[in-house]
Structure formats: structure tokens, C-alpha cells
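Trainee: Give the three-dimensional model of this entry:
(chains A and B)
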Amino acid sequence: MLELTLNQVSKHFSAKKAVNGISTRLTSGVYGLLGANGAGKTTLMRMICGILNPTSGEIQMNGQEISSMGEHYRDMLGYLPQDFGYYPDFSAEEFLWYVGSLKGLTLPAAKSKARELLRTVALSEVARKKIRTFSGGMKQRLGIAQAMLNDPRVLVLDEPTAGLDPKERVRFRNLIANLARDKIVILSTHIVSDVEYIADQILVMKQGGLLMTGTVEQLTTTMEGCVWSCHIPAREAEEWNARYCVSNLRHEGNQVELRIVSTVKPAHHALLVAPTLEDFYLHHFQDEQVAVTDEEKERA
Amino acid sequence: MLHRTQASRRTSFGQFYMTQLRFISWKVWAVQLLIVLGMGLLLHNSLQEQDRNVQVVMLTSIAAPLLVIAGIQTLTRSLSCRMLEIELTTRHLLEKLTLVRMSLLGMADLAGLMLLAVLLSAWMQLEVAVMLLYLLVPFNLTCLGCLWLLNRVRTPSCGYYCLTYGGLVALLQTVLTFNPSLWLFESSAIGLWQALLMLTAAGIAFEVRRVRKTCRSLETASRIPV
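Mentor: Below you'll find the model as predicted:
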């Protein structure tokens, strides 16, 4: 049984409080860190990985401070950073052998595991190609593979689906779902649908703190009675968009159908609809950043 | 059972050390070999033209900064290729990795300089130790400067600063080769060379200790905003 405990963990950079007094207890399962850019997700993940030291508070694995566990903790850790590069002169398999050597695997063990993982992330056919020839999605898949080389028991993935196309994202979700047994998987994203499908528990971060924790159902339940659907003339759409938090807009001839997140009924003819996690996100983060929807991400 | 299986797949430090040899690009070793062979050839040709020339020693010593330059990108590529975060979370940490890379490259450089010192000594009928002294001082000076930069300029362009510094040392040596200060190579100046060697070696030891501290966390290992 794994237990990762965060006890009043804070990280300050000069005057800025990137993470502010977070306490939580994580056991086996998939945890989605959801929050706008700058919410402190990456800083928190870096502290969990031991590459940043908390300004105050402590992080424990099975009751032992991770900083005192040294290589024993790193042995059970797999990490995919958000912004990372590769040695461009390495081929995919050489890169995995290299990371395997850093993770303390013997070369035969690294080669065997690399072969298996390259197949898992569908890169077997380009295993001997230089990484500099890879697309963004291929590099991201290779990044996921390197994180899993040492069969980690704690897998920390920072924006793992960035750069993946919809098909690759589905494959990734299934991969994580299969992997998650007996592991703590922590992944951060601001693509709501990713955590919606994969995560058992969602940790919502805002301005360095933990705003809320719960399953998708628990979080969306808090939004009941706050999501509305109504039809308005198309010429008024812009005005409504400015006045309310509109989570979706669909043109139907001269009319538009709006999905509005609001604690008050926006119009007498507005109908209550079932809330989604995206509505929850928009409600809490509308002032900070508009959520990146699947469509927007794909367009990007 | 699982732990025992995993343990059998884990490397010792010695195995890790040897494995890193294959991850240093063959181009680095090839360039180092070319520098040593090129200098050896240049030395041989120069000695046929003029016997026992101070200029020959000066010219040969240019190999020292060139050898450091050849390997410097290997030391700074964790930064320049944004691999720091991964290398800070693995069993063998960035700190160990950097020291291993330094020692592998350093040993290759020293072997090359040793070879040149032996050639110089054989062809000029002078003591190997003295020849080595003339080669090691510029080598140490280049290493010290690069380590100083490596510890203070933790940005992806750190390698280019080191390259520039090494290039300047080589340039200075080239200028001195054509305007030699003969008194520097008289036997009375040996003490000065020895003092310089000791001083630069102490500086290197200090900077290597600092490299270990620098490579321990993301905040010290990178000046990129975290």
C-alpha cells in the first residue's frame, strides 16, 4: 500500500507564493491536478519529485520524508516534465537506454524495457531514427515512455497530453488506466476532458492553494443549479457573451443556443441543464483563464 | 521478490561509470583524437625546420584549450538540451552524471596531453615532466575558467560562453607563440609554472566542489525561471 502525504507544503519564490500550504493524502490511483496556468501545478509536481525543496511543510512517502529517502524514492519515481528537451543526436532507443542508465538499469534490462515501451507508445518503427526528426506528439510519447522505464510506483506527468492528437490522447488515457493499478499517478493538465476520463480524484488548484478535491461527480454536483441553456437572437450573442460566463455557443439559423454558467437564472426562458466538469472549471477560473476545450486545443 | 528482481537489474556505480562512455558522442572522441594527432604532426614538421624552439612548445600547448573546447558541449548539454528535470529525478543524479562526464573527458584530455608531452620530450631531448608542466598550465587555466562559468552562468547558452573563453585562451597562446617571452621557458621560471599549476589545480578543486552543490536542485542547476 502506497501513501504519499503532503503536509502544509508551501513554496515561495521571493515574494510570490507559488504553492501555499497544501495538505493532502494520496494512495494508489490516478489523480488529476486541474488549474489555470500559474496555479502552482508544476511547482507542486516538482516538489513531489524532489527537484524543488518546499519552503515549508513536508512530503512523505509511507511515513518517511522523501528528501531523506534519496535514491530509494527516486527508484520508485517516474517523471515527465512539462517543458523538457532531448539530446537531438540520440535515436529514440538510444535515448531510452540513456535514461535507463540514469535510472540504474543494466544495459540489457534497459534495452528490453525500451523495446517494450516503444511498442506501447507506438514508436517501434522509428526506434532508430534521430529524435530531432520527430514531431511534437512523437516526442511527447517518447517522454511518457522514459517516465515508465523503471516501472515507477509514483508516476508524475506534467501536461502529458500536450501535443498529442485526439487518437494519441485516447491511447494515452487507456495506457494510464492500465498502468494505474498499485501506483500513484499524478497528472496535471488544463484540458478538462483528459482528467474527466482518466482521474479517479481531481485536485483543483487555484492561486497556489487546493480549492477542492473530489471525484468528477462530487465536483460537478457542486455546480447543480448553476448551468443554464437558452436560445437568444444571434445579434445579441456578443452582448450575452460579455455579460455571462458562456461555456458553449451554437448557431441555429437566426438564433444561438447558449450554455451559461451562472448562480442566477440568466433569462426567464433559460432551462437548467446537467453540469459538466468544464462548467465547474469555467465557474472557478473564468477570471483567470478561459479553459482550453478539446476543440480549441485541436485547432491550435 | 520484486525488490530482489529489481536489484539484479540495477547497476553499481562502476557499471554506471562505464556505461556513460557510450553516451558521449563519438564525434567528441574523434575531434580530440584529431587535435592530438594534428598537433603531433605539426610538432614533427616544426622540429624538422628548427631545432629546440620555444615556439614549438607554445604551439603544442594550444592543444590544451582545444581539447577542453572539444568536450565542453558534453558538460553543458543537460542545460542546453533542457534535460535537467529528468536528470534530477533519476537514481544516478545530475551531480554524479556531471562528475562522471568530467572525469571521462578529463582523463581523455590528460592522456592526449601526456602523449604530446612524451613526443615533445623525445624530439627535443627535454624532461617529460617539464613538457607536461607547459601543457598542463594552459589546460588547467581553461578548465578553471570553464568551470567558473559553468557554476555561474546556468543558462542554455553556458556552453557558448565556455567555447568563447576557451577560444580566447587559444588565441592568446597563438599570439604568444609568435611573440614568445623567452624568459618564461628558462629553467629559473620553472618555479613560476609549478606555482601556477598548483594554484589552478586548487581553483579547479574548489569549482568542482561547487559543481556538486550547483547540480543538486533545479533552483541552483538552472537560472531559467522555475
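Trainee: Excluding residues flanking it in the chain, which one is nearest whatever residue of chain B ends up closest to chain A?
Mentor: Relative to chain A, the nearest point of chain B is B:R82 (3.4 Å; CB to the nearest CB). From N, CA and C alone the C-beta is placed, and that goes for glycine too. Take B:R82 and drop its neighbours on the chain: the residue closest to it by CB to CB, 6 or more residues apart in numbering or on different chains is A:G85, 3.4 Å away.
Trainee: One more: A:K11?
Mentor: Skipping the residues right next to it in sequence, A:K11 comes nearest to A:V19 by CB to CB, 6+ apart, at 4.3 Å.
Trainee: Give me the most central residue, chain A.
Mentor: Ranked by distance to the mean C-alpha position of chain A (CA atoms, centre = their mean), the top residue is A:S188 at 2.1 Å.
Trainee: SS state for that residue?
Mentor: What DSSP: H, G, I helix; E, B strand; the rest coil gives for A:S188 is strand.
Trainee: number of nearby residues for A:I232?
Mentor: Neighbourhood size, A:I232 [other CB atoms under 10 Å in any protein chain shown]: 18.
Trainee: And what about the one residue in the stretch 1-150 of chain A that gets nearest to chain B, helix, strand or coil?
Mentor: For the stretch 1-150 of chain A, the residue closest to chain B is A:G85, as judged by CB to the nearest CB, at 3.4 Å. Per three-state DSSP, the secondary structure class of A:G85 is coil.
Trainee: check contacts around it.
Mentor: By CB atoms under 8 Å, 6 or more residues apart in numbering or on different chains, the contact set of A:G85 is B:81-83.
Trainee: Which entries within the residues you listed meet the buried criterion?
Mentor: Burial by neighbour count, 16 or more other CB atoms under 10 Å in any protein chain shown: within those this picks out B:81-83.
Trainee: Can you pull out the low-pLDDT segments for chain B?
Mentor: Within chain B, the ranges that satisfy pLDDT under 70 run B:1-9, B:49-53, B:223-226.
Trainee: For it, which segments are assigned as strands?
Mentor: Taking DSSP state E as the criterion, chain B contains no strands.
Trainee: quick one: contacts for the residue nearest the centre of it?
Mentor: Computing the C-alpha centroid of chain B and ranking residues by CA atoms, centre = their mean puts B:V68 first, at 3.7 Å. Listed by CB under 8 Å, 6+ apart, the contact set of B:V68 reads B:109, B:139, B:142-143, B:146, B:166.
Trainee: what's the answer for B:A221, then?
Mentor: For B:A221, counting by CB under 8 Å, 6+ apart, the contacting residues are B:79, B:84, B:88, B:94, B:154, B:214-215.
Trainee: same check, this time on A:S91
Mentor: When contacts are counted by CB under 8 Å, 6+ apart, A:S91 is found next to A:127-131.
Trainee: Take the contacts of B:V68 and write them to CSV, including distance to B:R101 and neighbour count.
Mentor: CSV is the format used below for the contacts of B:V68 (distance: CB to CB, whole Å; neighbours: other CB atoms under 10 Å in any protein chain shown):
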residue, distance to B:R101, neighbour count
B:D109, 12, 23
B:F139, 17, 26
B:T142, 16, 27
B:C143, 13, 28
B:C146, 13, 27
B:G166, 17, 24
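Trainee: Any chance of TSV for those, columns distance to chain A?
Mentor: Compiled in TSV, the contacts of B:V68 are given as follows (distance: CB to the nearest CB, whole Å):
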residue	distance to chain A
B:D109	21
B:F139	26
B:T142	24
B:C143	23
B:C146	20
B:G166	21
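Trainee: for chain B, what are the nearby residues on the stretch 1-150 of chain A?
Mentor: Residues of the stretch 1-150 of chain A lying near chain B by CB under 8 Å from any CB of the partner chain: A:13, A:43, A:46, A:49-53, A:71, A:74-75, A:77, A:79, A:81, A:83-89, A:94, A:98-99, A:101-107, A:109, A:146, A:150.
Trainee: Buried only: go through the residues you listed for me.
Mentor: Burial of those was assessed by neighbour count (16+ other CB under 10 Å); the buried members are A:43, A:46, A:49-52, A:74-75, A:77, A:79, A:81, A:84-87, A:94, A:98-99, A:101-106, A:109, A:146, A:150.
Trainee: and the residue lying closest to B:L105 once chain neighbours are set aside, how many neighbours does it have?
Mentor: Distances taken as CB to CB, 6+ apart put B:G71 closest to B:L105, at 3.9 Å, once the chain neighbours are dropped. Other residues within reach of B:G71, judged by other CB under 10 Å, total 24.
Trainee: residues touching B:G71, list them.
Mentor: Under the criterion of CB under 8 Å, 6+ apart, the neighbours of B:G71 are B:24, B:28, B:32, B:105, B:108-109.
Trainee: So which of these sit within helices?
Mentor: In helices, defined here by DSSP state H, the members of these are B:28, B:32, B:105, B:108-109.
Trainee: Mind giving me the ChimeraX command for buried ones among those?
Mentor: For the buried members of the ones in helices among the contacts of B:G71, the matching ChimeraX selection, counting by 16+ other CB under 10 Å, is:
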select /B:28,32,105,108,109
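Trainee: separation between the most far-flung residue of chain A relative to its centre and A:E236?
Mentor: Here chain A has its C-alpha centre computed as a mean, and the residue farthest from that point, by CA atoms, centre = their mean, is A:N254 with 38.6 Å. As judged by CB to CB, to the nearest Å, A:N254 and A:E236 stand 11 Å apart.
Trainee: Tell me what the closest residue to A:A274 other than its chain neighbours is bridged to.
Mentor: Here the nearest residue to A:A274 in space, its sequence neighbours aside, is A:V227; by CB to CB, 6+ apart that works out to 7.2 Å. Partner residues in beta bridges with A:V227: A:V261, with DSSP bridges as the criterion.
Trainee: what does the one 4 residues further on give?
Mentor: Residues in a beta bridge with A:H231, per DSSP bridges, are A:E257.
Trainee: With adjacent residues omitted, what lies nearest to the residue farthest from the centre of chain A?
Mentor: On the basis of CB to CB, 6+ apart, the spatially nearest residue to A:N254 that is not a chain neighbour turns out to be A:A234, at 5.4 Å.
Trainee: Would you confirm that the one you found contacts A:H251?
Mentor: Yes. Counting by CB atoms under 8 Å, A:H251 is a contact partner of A:A234 at 6.5 Å.
Trainee: More neighbours: the two, which one.
Mentor: Residue environment comparison for A:A234 versus A:H251 gives the larger neighbour count to A:A234, 14 against 10, counting by other CB under 10 Å.
Trainee: Could I get the full set of strands for the stretch 101-250 of chain A?
Mentor: Taking DSSP state E, counting those that start in this stretch to define them, one finds strands in the stretch 101-250 of chain A at A:154-158, A:184-189, A:201-206, A:209-214, A:227-233, A:245-252.
Trainee: now the ones you listed in JSON lines, with mean pLDDT?
Mentor: JSON lines is the format used below for the strands of the stretch 101-250 of chain A (pLDDT from 0 to 100):
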{"stretch": "strand A:154-158", "mean pLDDT": "95"}
{"stretch": "strand A:184-189", "mean pLDDT": "92"}
{"stretch": "strand A:201-206", "mean pLDDT": "93"}
{"stretch": "strand A:209-214", "mean pLDDT": "93"}
{"stretch": "strand A:227-233", "mean pLDDT": "91"}
{"stretch": "strand A:245-252", "mean pLDDT": "88"}
